[in-house]
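# Provide a 3D model corresponding to the input given below.
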Amino acid sequence: MRPLCRCFKLVRHGEPMVESNEPLREPAAGEVVVRIRGAGVCHSDVMLYDGFVDSGTGRKIDLSRGVAAPRVLGHEIAGEVAELGAGVSGVAVGDRVVVYPWIGCGKCKFCTTDREPLCSAPRNLGLQNDGGFSQYVFVPDAKYLVPAGDLPFDQAAPYACSGLTAFGALKKLAPMHPSDSVLIVGAGGVGLSGVRFARHVLGIAPIVAEPDRSKWQLAIDAGAVECIDSRDPAALGALMKSTKGGVAGAVDFVGTGESFAFAFGALAKGGKLVSVGLIGGSTPVTPALIVFKSVTVTGSMVGTLGELQELLAIARDGKLPPLPTTTMPLDAANDVIGRLHAGKLAGRAVLQP
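Presented below is the predicted three-dimensional model:
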């Protein structure tokens, strides 16, 4: 008799997820069943729960078609291999793994060149396929399982999204000169990962712009050289003065009109801004400033399987400071979504089914 799988499913966008207990199906050929031991809750889960992103122009960007309910959300997953489908090799039952969730069609030019997040026919876990707010998850191929080593599951799980997103964004700034300054906007779950990785990826301790001063100590502990209040009218001018003309690189992990404008305004000549956050909003951009300052603005969405393998190799070696996490039972899934909605959760929440 097959075991029951307990999970929380999004049935209608914007409404509490519903608990479900269903028999666990047999894995198909090539599939791997992972017993989930840690499932990080990402701010993008809040947007997927709502079914939209606020564009800031009175228009909502519809996400509901990409996450057709009913769906088990959650894309930051770590656990133990529980079952193997026919023909699976390279992993064994009991292996401790982090699951790469950004799975594409497997055939297009992006999928065959390790750029699966750009695939136009995605099979992402927690979006098009059931994800981590569950006791088990089905992974279509063992290649998407990355060894977790001895990392605690609450630390390992967030590497699949918040960690990978921050790592991929920072790599877009590399290489940098040791005399350069780096600005990270936002000290939430993803932003703190960026702070943790900056010295390793870029060789530079970042400046952090965060209006919530209760997060400043977390950022300093993660490796920030300084914290500033981006809502202070004098902050941008003081930053330009202290950096002698602006920062060489900035990453906006917030994604509001205000955060983007602050990061863009802080760039030195020849600087680069990587836009990551999806909170919502808009701001005017003057094309002439892009030309006169010769700056680059680029977007960055999560990261590749190769980057996750690289990141976890660094983490397993103990070279990264720990991420502040709050562990909660699977029962708390709806509560965590509500607290993230209200901006009342510091660090990363990790469900432990």
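# helix or strand: which one has the closest residue to A222 other than its chain neighbours?
Leaving out its chain neighbours, the residue that sits closest to A222 by Cβ to Cβ, 6 or more residues apart in numbering is V195, at 4.1 Å. (C-beta placed from N, C-alpha, C; glycine too.) Element membership for V195, per DSSP states H and E: helix 189-202.
# R123 too?
Here R123 is assigned to no helix or strand, by DSSP H and E.
# assess the claim that it and P101 are in contact.
No. R123 lies out of contact with P101 (Cβ atoms under 8 Å); the separation is 9.6 Å.
# of these two, which one has the most company?
P101 (27 against 16; other Cβ atoms under 10 Å).
# for that one, report the pLDDT, please.
At P101, the pLDDT value in this model is 97.
# tell me how far E226 lies from V208.
7 Å (Cβ to Cβ, to the nearest Å).
# neighbour count winner among the two?
Between E226 and V208, counting by other Cβ under 10 Å, V208 is the more crowded of the two (30 against 16).
# would you map the helices across the stretch 151-300 of the chain?
153-156, 162-171, 189-202, 216-222, 235-242, 257-265, 287-293 (DSSP state H, counting those that start in this stretch).
# which stretch among those comes nearest G280?
Closest to G280 of the helices of the stretch 151-300 of the chain, according to Cβ to Cβ: helix 257-265, at 8.6 Å.
# just want the most central residue of the protein.
Centroid-nearest residue in the chain, with Cα atoms, centre = their mean: S162, separated by 2.6 Å.
# tell me the spacing between that residue and G255.
On the measure of Cβ to Cβ, S162 and G255 end up 14 Å apart.
# quick one: low-confidence parts of the stretch 1-150 of the chain?
In the predicted model, the stretch 1-150 of the chain carries pLDDT under 70 at residues 54-59.
# helices of that one, residue ranges please.
With DSSP H, counting those that start in this stretch, the ranges of helices along the stretch 1-150 of the chain come out as 43-50.
# any idea how many residues pack against the closest residue to A39 other than its chain neighbours?
Closest residue to A39 in three dimensions, ignoring its sequence neighbours and counting by Cβ to Cβ, 6+ apart: G132, at 3.4 Å. Neighbourhood size, G132 [other Cβ under 10 Å]: 36.
# ok, L127 next?
23.
# count of neighbours near L84?
18.
# correct me, but it touches P27?
Yes. The criterion here is Cβ under 8 Å, and L84 meets it with P27 at 6.8 Å.
# now for those two: what residues contact both?
By Cβ atoms under 8 Å, 6 or more residues apart in numbering, L84 and P27 have these common neighbours: V33.
# tell me how far the closest residue to F138 other than its chain neighbours lies from A148.
Nearest residue to F138, sequence neighbours excluded (Cβ to Cβ, 6+ apart): E31, at 5.4 Å. E31 sits 19 Å away from A148, going by Cβ to Cβ.
# do the same with A92
14 Å.
# and the closest residue to R348 other than its chain neighbours, how many neighbours?
Among residues not flanking R348 along the chain, G189 sits closest, at 4.3 Å (Cβ to Cβ, 6+ apart). By other Cβ under 10 Å, 28 other residues sit near G189.
# show me what contacts G189?
G40, C42, H43, P158, S162, L323, G347, R348.
# and it, what's its pLDDT?
79.
# same deal with L330?
At L330, pLDDT is 97.
# can you pull the contacts of it?
R6, C7, F8, A39, F133, S134, Q135, L351, Q352, P353.
# and the first one, how far from V41?
What it means is R6. Where V41 is concerned, R6 sits at a distance of 17 Å (Cβ to Cβ).
# just to revisit the earlier point, how about the contacts made by the residue nearest to A222?
I184, A187, P206, V208, A219, A222, G223, A224.
# if we go to 10 Å?
Contacts of V195 were listed using Cβ atoms under 10 Å, 6 or more residues apart in numbering, and they are 166, 170, 182, 184, 186-187, 205-208, 210, 218-225, 227, 251, 253, 321.
# separation between it and G74?
24 Å.
# so who does the nearest residue to L345 once chain neighbours are set aside touch?
Nearest residue to L345, sequence neighbours excluded (Cβ to Cβ, 6+ apart): R339, at 4.5 Å. Going by Cβ under 10 Å, 6+ apart, R339 touches V41, V46, T326, M328, A332, L345, A349.
# what's the spacing between the second one and S179?
By that I understand V46. 39 Å.
# more neighbours: those two, which one.
The neighbour count for V46 versus S179, taken as other Cβ under 10 Å, is higher for V46 (18 against 8).
# quick check: the more buried one touching N334?
No. Using Cβ atoms under 10 Å, V46 makes no contact with N334, being 11.5 Å away.
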